[in-house]
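Asks: Give the three-dimensional model of this entry:
(chains A and B)
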Amino acid sequence: MITEILLTALSPVSHHDPAVNDGSNTLTFLRHPQIVNTGSGELAEFDTSEFCIHFGVPSTVSDIFGDVGFADFVSVSLVRHIIEWYGTGNGTGLFSGINRYDMLASRLRSCATRANTLRGFYDTISRDLQLGVPPIDSDILLMHYFRLPQTIQIAAIDRLSRDYTSIISIARYWQKEAQRMHPAYATATGLPLLDKPLVQLVFETPDGLANQRRVVRIPAISANSVRHQMFRSPLWAHLTRLLGLTNVELPPAVEGIFVNGGNIKAGVKPPSSTAYHATMIRQKFPSLDLLGGVTNSFDLGESALNVHAWLVCKENATSFPDTAMRSGKLTNTALSAFDMLDNVTATRQATRHGDGQMIYNFETLIPGTQFYVRATCPDWTGELTMGALAAAVNEYNTMSKIGGQSARGYGLVDCDVINSQCYTDALEKYEKYLTDNKDALIEELVSGHLGAEIRVCS
Amino acid sequence: MMMRHIPSIDRWDDVFNGLEMEPLIVRANMVHASAISVYSQRPIRLDALLAWVIVKLSLGNGVLDNGTMPLWTPLPIRSLWHDDIGRQLWASSALTPVTDNRDVVIQTKRSEFRHSNTKYRRDAGRWMSRMSPTPISVTDMCQAYVYGHKEWIEHLLAHVDAIGKHRSRGLGAVQSWEVISSDFDPIHTAIQDNVIQRELPVRSAHMLGMDTTTLPPSTPIAWYPPYWAPYNMEPGWTVGTFIGDFF
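Replies: Now for the predicted structure:
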């Protein structure tokens, strides 16, 4: 049984990547890797030597590229040019001072994460490192990068976002060796002159890029987050409202199982017949049958609800089922996810004594962005459980938000159920079940039994 | 140890008895925007998926009890071998990603309690907010080899909309299933190119024509659904084990 919901952002959506901690002052939007069709036959006509002829490599460096692919070469070459153009003397912009390579590393990762073309990457890193316009001689070289097939550009950016530390080292070494080919530099530094000519590298094929299908990190909304915000949190709000739990104190594990699924207590031995107790609990509280959870000592088993959530964008256009596409409501499938990103700068005010002032940047998805949410329950799901699903969606409509920073106005969405399978009756039965059994259910919650014959939560 | 029987599951015996089996390739075409969470030591087993559907269809919304003996679960698949209590070594390989691009996504878990007492910490211990790294694989397709009944396998797989770990949190979404008639020997569902394609118990080695004196060391494995059940564990070889050029 499938419920399809379309969320349309009414305010910018903030949803940071929890794993990013790179020292830069930009919090990037969450990205997930996925397969993307990146080209339309352009690689078949592309000859890597047309690019390599413009980017000769010192003979002492060429062997490093023996085992790497063309995309790696492109990424190293571009970073080497950035070092060459802006690294003279004490550097330019933020690429200056003793920490300049730390700055370069953090900005490389951040900018490569945010860009989907080499031109976009160059623009972003120039801005983030405050580099300014490069020397006029560099224009022709930049054009060679910007003209590369999109598949190769995406692959090179992917390398930059993941292997930025080693790319910097290789690029820096390349730059040093290139400098050593100038007699004046060798004399001034006392290093031996490198008098062998530049080597033009040859890449037979664009390293596995031939099928034009690449793994790309695309801005994404976490289904884990959607599951919490759209189903678990509203269901708990619905339950507390119908049972009147506002002033009732509950054991933390009872609240935990409804709020976030709970946590097993360390060192506790599960009782015998956990399957029996789990069945009793799932029957007593259909919302736990829908969403699952753990008691002090055992898991309730597989939840009935599977939640999938995808950004509506060009990169995901093949991910949506025909029913959703036919509805005509998914209007953003021609837009790239990267075109929907925006940068926001926020400030925190200083205290009267000047403490705590902060300026920071983060990425958002712009208003009008759409998210497709698919909630599926197996055919054997009980009617009260489906009623709980309907209650969650209804309740979510009153508090529709997605992502983070909702206290600051981010993530407000319009919720449109584009396909649901007849659960109005189930909703009425579920709410009637809760109100008819209100006192008994409160007793089960307060005691920590949750419908089992033993106390399972404390 | 004996085989456990549940009448509502046993009734599938009548459905599957006498079916004509054929070599099949089963493909799960994945939603491109959905990665799959699968651990290499614990691959997705096609027979376990089908057994899960049979059990769920048989029990309705119920769950299995805490039985400690193997459960008889009929499947529309040929058996390669069976042990003395009747567990079948089904002729179906693991369902493995065709292209395997490994990565990690982070899932978070936070505590925002309002109705319970305040005698707990949110920065440590049981109720601490957490970030869980989840290994994933980005792939177009997962594929398995099976010797079974095409229509019934298609019918049962139609109930499966996601595979792998963390299905409820958006991972492993299946766009469509394909069951394609093929041409191979049933034994290829277990061993291909000297690499084990499904868990094999040591006890089955002689039947499969393997020379047990030259095989790699065994490890505790399950080879019959449910694969997580301790009562199904015994010495054997995991998927991906190279067994040499003797077969």
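
Asks: Would you agree residue A:414 falls within a strand?
Replies: Yes. With DSSP: H, G, I helix; E, B strand; the rest coil as the criterion, residue A:414 is part of a strand.

Asks: Please verify my assumption that it contacts residue A:329.
Replies: No. Using CB atoms under 8 Å, residue A:414 is not in contact with residue A:329, being 11.0 Å away. In short, each C-beta sits where N, CA and C put it, glycine included.

Asks: out of those two, which sits in the more crowded spot?
Replies: residue A:329 (15 against 12; other CB atoms under 10 Å in any protein chain shown).

Asks: Can you give me the distance of that one to chain B?
Replies: 18 Å (CB to the nearest CB, to the nearest Å).

Asks: how close does whatever residue of chain B ends up closest to chain A get to residue A:35?
Replies: In chain B, the residue that lies nearest chain A is residue B:170 (2.2 Å; CB to the nearest CB). To residue A:35, residue B:170 is 16 Å away according to CB to CB, to the nearest Å.

Asks: quick one: which of the two has more around it?
Replies: Between residue B:170 and residue A:35, residue B:170 has the larger neighbour count (other CB under 10 Å), namely 31 against 23.

Asks: for the nearest residue to that one once chain neighbours are set aside, what are its contacts?
Replies: By the measure of CB to CB, 6 or more residues apart in numbering or on different chains, the closest residue to residue B:170 outside its immediate chain neighbours is residue A:223, 2.2 Å from it. When contacts are counted by CB atoms under 8 Å, 6 or more residues apart in numbering or on different chains, residue A:223 touches A:307, A:308, A:309, B:169, B:170, B:171.

Asks: which residues in the stretch 51-200 of chain A form strands?
Replies: Secondary structure of the stretch 51-200 of chain A (DSSP state E, counting those that start in this stretch): strands at A:91-92, A:95-96.

Asks: in chain B, which spans are helices?
Replies: Per DSSP state H, chain B carries helices over the ranges B:7-10, B:12-16, B:46-59, B:150-157.

Asks: Please spell out which residues along the second one are buried.
Replies: By that I understand helix B:12-16. Neighbour counts over helix B:12-16 (16 or more other CB atoms under 10 Å in any protein chain shown) mark B:12, B:16 as buried.

Asks: Under the pLDDT cut-off, which ranges of the stretch 201-350 of chain A? List them.
Replies: Low-confidence segments of the stretch 201-350 of chain A (pLDDT under 70): A:204-212.

Asks: What about residue 47, how many residues nearby?
Replies: Answering for chain A, as no chain was given. So residue A:47, with other CB under 10 Å, has 10 neighbours.

Asks: my question was about chain B
Replies: Residues lying near residue B:47 (other CB under 10 Å) number 28.

Asks: Helix or strand: which one has residue A:391?
Replies: Secondary structure from DSSP states H and E places residue A:391 in helix A:383-396.

Asks: which other helices and strands contact that helix?
Replies: strand A:2-9, helix A:233-243, helix A:286-291, strand A:413-419, helix A:424-436 (3 or more CB pairs under 8 Å, 6 or more residues apart in numbering or on different chains; DSSP states H and E).

Asks: Report the beta-bridge partners for the residue nearest the centre of chain B.
Replies: For chain B, residue B:45 is the residue whose C-alpha lies nearest the centre (CA atoms, centre = their mean; 2.3 Å). For residue B:45, the beta-bridge partners are residue B:94 (DSSP bridges).

Asks: Model confidence for it, exactly?
Replies: Here, the pLDDT recorded for residue B:45 equals 94.

Asks: ok, now the one 10 residues further on?
Replies: If you check residue B:55, the pLDDT there is 92.

Asks: Tell me the spacing between residue B:51 and residue A:449.
Replies: Going from residue B:51 to residue A:449 by CB to CB gives 33 Å.

Asks: Sorry, wrong one. I was asking about residue B:49.
Replies: With distances taken as CB to CB, residue B:49 is found 35 Å from residue A:449.

Asks: Residue A:58 now?
Replies: 75 Å.

Asks: do residue A:437 as well
Replies: Remark: distance between residue A:437 and residue A:449 (CB to CB) = 14 Å.

Asks: Which of those two has more residues huddled nearby?
Replies: residue A:449 (20 against 14).

Asks: The closest residue to residue B:235 other than its chain neighbours - how many residues pack around it?
Replies: Spatial nearest neighbour of residue B:235, chain neighbours left out: residue B:218 (4.0 Å); criterion: CB to CB, 6+ apart. For residue B:218, the count of nearby residues is 17 (other CB under 10 Å).

Asks: How about the one 10 residues further on?
Replies: Using other CB under 10 Å, residue B:228 has 10 other residues around it.

Asks: I figured it was touching residue B:222, is that so?
Replies: Yes. Look at residue B:228 against residue B:222 with CB under 8 Å: they come within range, at 7.2 Å.

Asks: my guess is residue A:148 meets residue A:51, correct?
Replies: Yes. Taking contacts as CB under 8 Å, residue A:148 lies within contact range of residue A:51: 6.7 Å.

Asks: any common contacting residues for the two?
Replies: With CB under 8 Å, 6+ apart as the test, residue A:148 and residue A:51 both reach residue A:74.

Asks: So for the two, which residue has more residues nearby?
Replies: residue A:148 (24 against 20).

Asks: Please report how far the more buried one lies from residue A:118.
Replies: From residue A:148 to residue A:118 the distance is 7 Å (CB to CB).

Asks: in chain B, what secondary structure element scores lowest on mean pLDDT?
Replies: strand B:101-109 (a mean of 82; mean pLDDT, DSSP states H and E).

Asks: if we can go back for a sec, joint contacts of residue A:148 and residue A:118?
Replies: A:74, A:156.
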